[in-house]
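Enquirer: Next come a sequence and a model predicted from it.
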Amino acid sequence: MNEQILNNINDIFSKKRNIVLIPHSSPDADALGSCLALYHFFIDNNNVNIISPNEYTDILNFLPGSEDVIVYENYKEKSENLFKDADVIFTLDFNSLGRARNLSSLITESSAKIIMIDHHENPDNYANIMISDSKMSSTCEMVYDFIYAVDNEKINNNIATCLYTGIVADTGSFRFPSTTSKTLKVGSELITYGVNITEIFEKLYNNFQFKRLKLLGLTINNFKKIDELPVLYTSISEQDQFINDFKKGDSEGFVNFGLSVSGILCSVLFIEKKDEGIIKISFRSKGDFKVNIFAARYFNGGGHKHASGGVSKLSLIETEKKFIVDIKQYIKENYE
Ligand code: AMP
């Protein structure tokens with residue numbers, strides 16, 4: 001963090017503040033871990049609240065402090081009052097207001113100072129203080145740097161547990177190319193605060209229902225290859241979800257299995273969301289294959305070079321058909 005930003009931050013927090021921390025909608029471990037780490041950091045001297053746009057996977061309920069997270073959809077009036085009183089709003093792990101969904105207008109209408117901490121590309125220009133670096137492994141790594149710069153003596157086991165969980169989740173357990181030697185140093189430092197790394201692994205990855213395993217089997221079985229292209233895609237229909245008691249977060253990681261096949265550079269998962277009238281799309285890639293550009297150009301989405309998301313308002317079948325045409329075009333234009 002540069003000196004001017006640090007001075008600004010120190011100025012802002014030189015007195016007691018009403019702070020609202022916001023993750024992106026359907027927060028994952030990095031988004032929620034960032035919010036909760038800052039919650040524990042600020043709680044002694046400020047009024048702090050985390051407001052999530054919507055529900056998230058109950059897998060993350062093990063994170064210390066998660067019982068205090070307010071879900072906007074369930075507590076609209078309370079959340080709106082907290083926005084009215086807020087002096088400072090942190091937007092964490094997203095950089096375009098659309099990703100805060102139903103909270104975006106509350107953020108723009110607020111007179112609070114907005115601080116963005118995020119590691120996605122192409123940030124929108126809505127924050128008063130923008131801490132944005134797409135080379136970072138995770139927002140949790142950035143929040144570690146933030147806390148370290150502002151007051152490293154306040155790091156404790158709760159903060160370390162939240163940050164370590166977010167970093168592990170966003171780096172695929174320190175595997176993805178965004179993992180640097182500094183990411184590993186941060187992980188190593190966090191362990192010195194007594195983080196139980198085995199327990200975190202168990203809670204994140206070995207904590208599912210039997211039906212989720214069946215759904216994984218079905219999703220893997222549905223994978224299709226596009227002739228002569230290094231691309232696999234699969235889908236989960238509304239019916240597959242119904243049969244397998246689908247819950248938020250159940251399909252986390254499924255799309256990565258496509259990349260386990262030799263020669264495959266891009267893997268895609270379509271999830272039918274009839275209640276929202278959309279197909280949610282997850283894109284994963286490796287090497288030079290940039291899925292963020294593809295997602296933005298063809299599916300109203302974006303994200304990272306190797307991990308992006310998008311949406312389609314067509315039916316599942318029509319979305320798959322469109323995808324096949326688009327990906328052929330994209331590969332022809334960019335990689336042939
Ligand atoms: P997911 O496949 O949902 O795990 O998303 C992978 C990454 O893509 C996320 O971490 C976000 O950075 C990004 N992303 C997902 N959905 C969208 C979207 N609709 N618009 C922009 N970025 C997205």
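Expert: Done, it's in.

Enquirer: Which other helices and strands does the helix or strand hosting G217 contact?
Expert: Per DSSP states H and E, G217 falls inside helix 210-221. Judged by 3 or more Cβ pairs under 8 Å, 6 or more residues apart in numbering; DSSP states H and E, helix 210-221 is in contact with strand 231-236, helix 238-243. The way it works is simple: take the backbone N, C-alpha and C, and place the C-beta from them, glycine included.

Enquirer: Give me the local confidence score for the residue of the stretch 51-200 of the chain at minimum distance from the ligand.
Expert: Closest residue of the stretch 51-200 of the chain to the ligand, Cβ to the nearest ligand atom: H120 (5.3 Å). Per-residue confidence (pLDDT) for H120: 94.

Enquirer: Does it touch S134 like I think?
Expert: Yes - H120 lies in contact with S134 (Cβ atoms under 8 Å); the separation is 6.1 Å.

Enquirer: Mutual contacts of these two, please.
Expert: Residues touching both H120 and S134 by Cβ atoms under 8 Å, 6 or more residues apart in numbering: H304.

Enquirer: Now do the strands in this protein.
Expert: Secondary structure of the chain (DSSP state E): strands located at 18-23, 47-52, 70-71, 88-92, 113-118, 129-132, 224-225, 231-236, 266-273, 278-285, 302-303, 307-312.

Enquirer: Looking at the helices and strands packed on helix 210-221, which one is packed in the most?
Expert: Mean neighbour count (mean count of other Cβ atoms under 10 Å) peaks for strand 231-236 among these, with a mean of 22.

Enquirer: re earlier: Provide a list of residues in contact with the residue of the stretch 51-200 of the chain closest to the ligand.
Expert: Here H120 is in contact with F94, N95, S132, S134, G302, G303, H304 (criterion: Cβ under 8 Å, 6+ apart).

Enquirer: Check the third one and give its pLDDT.
Expert: Meaning S132. 97.

Enquirer: can you list the residues of the chain near the ligand?
Expert: H120, S282, G301, G302, G303, H304, A307, S308, G309, G310, V311 (Cβ under 6 Å from any ligand atom).

Enquirer: Next, give phi and psi for the residue of the stretch 51-200 of the chain closest to the ligand.
Expert: Here is the backbone geometry of H120 (degrees, to the nearest 10): phi -90, psi 160.

Enquirer: List the residues that contact the closest residue to D326 other than its chain neighbours.
Expert: The shortest distance from D326 to any non-neighbouring residue, by Cβ to Cβ, 6 or more residues apart in numbering, is to Y298 (4.3 Å). Contacts for Y298 (Cβ under 8 Å, 6+ apart) come out as G310, K322, F323, D326, Y330.

Enquirer: Done for today, thanks.
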